[in-house]
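Participant: This is a predicted model, with the sequence first.
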Amino acid sequence: MRIGELAAAVGVTTRAVRHYHHLGLLPEPERRANGYRRYTLRHAVVLARIRRLTELGLGLAEVRDVLAEDAGRDLSEVLEELDADLARQEAAIRDRRSRLRVLLDAGELPAEGPVSPELAALFAETAARLPDSPMAAKDRQILALLETAASPAERKRLTDALSGVFAAEDGAARAQEAYAMLDALADADPGDPRVDETARVIARCVPPGMLPEALVELLPGPGPESENSFLRALFADFTPAQAEAVRQALRILTEARA
């Protein structure tokens, strides 16, 4: 048989045959006087086995182990490992589909999504109450970032604390006030007297359990030089007066935790 006949007999491409030669999976056949390879039934048997093994999901390195007489691993061992790996993939897929279904069943996804259903509900509330607030929209982006980076325990604490803000009798009103004051600072100077009052209003909106521990470690010290790269990036996304108000609010929160 020539290479095309071998490939057709087994149902693979000639390119695959050459690739298996290159990897040492398929033995090189003898060549005729004219230079063409001369394949035998033995080559077809080996090639068919390679195809069956790869269709089961084995990688080519695993196929090599099965085919090699001195690999030290028999077929049943390799297939047991493959079965265990597929079981892990199945479990992971079921978990992902479960989380996707929760998100899809929740209705309209927020622009910042996907986020947890709890955070999505809070986003929907803030978007409804403050549809035109640029700072509220920015805050939702930051909260989505914090939720993504937090551990499952920190994530739950964050969403529980946020829920508590809006569940409080005047929580929603205080949040609205804080966002409105931040929005009003868009074109202000950092030395504007409204900055100090805005910082105090922001700090009053943040319950003690709201800040994830990972963020607490980033809170600034007494000066801008103590800010890390995350906080510098955060403040750079605000106008100067807004950044100063948020910076002062974080300092107030830092002192409250001491």
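Facilitator: Yep, it's here. Numbers count the residues shown, from 1 in each chain.

Participant: Dead centre of this structure: give me the residue that sits there.
Facilitator: Closest residue to the average C-alpha location of the chain: T148 at 7.3 Å, with CA atoms, centre = their mean.

Participant: how close does that one sit to G191?
Facilitator: Remark: distance between T148 and G191 (CB to CB, to the nearest Å) = 35 Å. Just so you know, the C-beta spots here come from the backbone N, C-alpha and C atoms, and that holds for glycine as well.

Participant: is it fair to say P27 lies in a helix?
Facilitator: No. According to DSSP: H, G, I helix; E, B strand; the rest coil, P27 belongs to no helix; its state is coil.

Participant: check contacts around it.
Facilitator: P27 is in contact with R42, H43, V46, counting by CB atoms under 8 Å, 6 or more residues apart in numbering.

Participant: now, which of those residues lie within helices?
Facilitator: Those of the contacts of P27 mapping onto helices are R42, H43, V46, per DSSP state H.

Participant: Could you take these and lay them out as a markdown table, with extra columns for pLDDT, distance to L253 and neighbour count?
Facilitator: Below are those laid out as a markdown table (pLDDT from 0 to 100; distance: CB to CB, whole Å; neighbours: other CB atoms under 10 Å):
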| residue | pLDDT | distance to L253 | neighbour count |
| --- | --- | --- | --- |
| R42 | 93 | 75 | 10 |
| H43 | 94 | 73 | 23 |
| V46 | 93 | 69 | 16 |
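
Participant: related to what we said a few turns ago, what are the phi and psi values for the residue nearest to the centre of the chain?
Facilitator: Dihedral angles of T148 (phi, psi; degrees, to the nearest 10) stand at phi -60, psi -40.
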